[in-house]
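Asker: with the sequence up front, the predicted model follows.
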Amino acid sequence: MGNSKTKKEKKKRKEIERKNHQIIEKQLRTEQYQEDVEMKMLLLGTGDSGKSTFLKQMKFLYSGGFSFHEGQTYRKAIRMGCVDYTKILLKTLRTFDLDLSKENIRNMQDFFGLVKEKPHTFTPEIAQLIKLLWEDTAMKKCFQQRHKFQIPASAGYFLDRITEIGDEYYKPNKNDILFCRIPTTGVKELKIEINGYTWKLVDVGGQRNERRKWVHYFDDVDILIFVIALDGYAEKLFENHLFNRMTESISVFGEIVNNSYFRKKDLVILFNKIDIFQQNLTKIPIKHAFPEYKGKNTYEEGSQFFKEKFLKCLIKKNQNVSSYNTCGIETDIMKNVFEEIKKSLREKYIKMVC
Ligand SMILES: Nc1nc2c(ncn2[C@@H]2O[C@H](COP(=O)(O)OP(=O)(O)OP(=O)(O)O)[C@@H](O)[C@H]2O)c(=O)[nH]1
Ligand SMILES: [Mg+2]
């Protein structure tokens, strides 16, 4: 009797030990996997969709932000951007029959004289002239028609800040860096470490001449993030003024997601620039560019229409796809999106090792 009780207890103890052993083994395997694992996220999308802005947000959130030296590069780009935006607006005024005030006609001549004399320099005089010109109603009216010519949406943000930007001690703040447009050439990578995992984010240029290089970055991708600028429905391509930006984006999306490299990969679609999309809807009906659109000119119906258009391109319907409507310059939104992506990937990998 006593003997059989001890036998039973021994068996039970062994069973507990075996289970504990299994748990420890599982933990070790997961930890080992975490150490080895580097998840590669590839950001694709046409030019100006917001890929680099996503990368900048990740750098602010998880990698300590930008160095003084990087800040100086942005400072230069922002200042020269203000000069370019002013030139573009001045040259476009005539297209819309807009006239500057008499005083600003003189300021315009002085401005062109100074920037011609010193093409790549930015001086306090130039900043002062930009300020006076930007205050002119004709310049504002011209900018309101910006979907009819090529000027970044963020030009207004920077021209509004010309006094700060022209200051000799000007240092770009976080929003200035996020709004600054420097088209990517080649590739930019960012590695971030979070809870023992390494996330490698790969950002490539999206303009036509840059897309030829994409194929070099297709290997070992764990997750593909395709960025779409929703406001593009109302705009023409920077590279070719005859093509609608949204149509171009749909065609590039179709080619990429159905490419054999990505058919089995996780796909995240970011419908970005919802803020400008909403502003555009008040001025430009969707059916101007997409005559087949029968819905109301509202954010909900419009964004759903474009979402369906993109999803229809997927040949393999069971692909693991998730999508988010985003505003690339809003850190909280982008943080939440990244947290969701991380969670789903981590769960997938843990399932694979356990
Ligand atoms: N208002 C607004 N601006 C945005 C948003 N996302 C990005 N931008 C701005 O859009 C411009 C283009 O963004 P980028 O991130 O440089 O675009 P990209 O896809 O990297 O472009 P390429 O490098 O040419 O392929 C920048 O001026 C950004 O500040 C958004 O959601 N809202
Ligand atoms: Mg870029």
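Answerer: The structure has been received and is ready for your questions. Numbering: from 1, shown residues only. Ligands and ions are numbered 1, 2, ... in the order given.
Asker: what residues does the chain have near ligand 2?
Answerer: 51-52, 184 (CB under 5 Å from the ion). The way it works is simple: take the backbone N, C-alpha and C, and place the C-beta from them, glycine included.
Asker: can you tell me how far the spatially most central residue of the chain is from Gln278?
Answerer: Of all residues in the chain, the one closest to the mean position by CA atoms, centre = their mean is Gly50, 2.4 Å from it. Gly50 sits 15 Å away from Gln278, going by CB to CB, to the nearest Å.
Asker: repeat that for Ile333.
Answerer: Per CB to CB, Ile333 is found 14 Å from Gln278.
Asker: can the strand or helix carrying Asp275 be found next to ligand 1?
Answerer: Using DSSP states H and E, Asp275 maps to helix 274-281. Yes - Helix 274-281 reaches ligand 1 (CB under 6 Å from any ligand atom) through 275-276.
Asker: pull the residues that contact that helix.
Answerer: 147, 153, 229-231, 233-234, 297-299, 302-303, 325-327, 329 (CB atoms under 8 Å, 6 or more residues apart in numbering).
Asker: three-state assignment of Met41?
Answerer: At Met41, secondary structure determined by DSSP: H, G, I helix; E, B strand; the rest coil is strand.
Asker: any idea how far the closest residue to ligand 1 within the stretch 101-250 of the chain is from Phe122?
Answerer: Residue of the stretch 101-250 of the chain nearest ligand 1, by CB to the nearest ligand atom: Gly206 (2.9 Å). According to CB to CB, Gly206 stands 28 Å off from Phe122.
Asker: repeat for Trp214
Answerer: 35 Å.
Asker: so which of the two has more stuff around it?
Answerer: Phe122 (21 against 17; other CB atoms under 10 Å).
Asker: doesn't the more buried one lie inside a helix?
Answerer: No - checked against three-state DSSP, Phe122 lies outside a helix; its state is coil.
Asker: that one: what's it in contact with?
Answerer: Neighbouring residues of Phe122 by CB under 8 Å, 6+ apart: 76, 79-80, 82-83, 166.
Asker: at 6 Å what do you get?
Answerer: Neighbouring residues of Phe122 by CB atoms under 6 Å, 6 or more residues apart in numbering: Arg79.
Asker: all set now, cheers.
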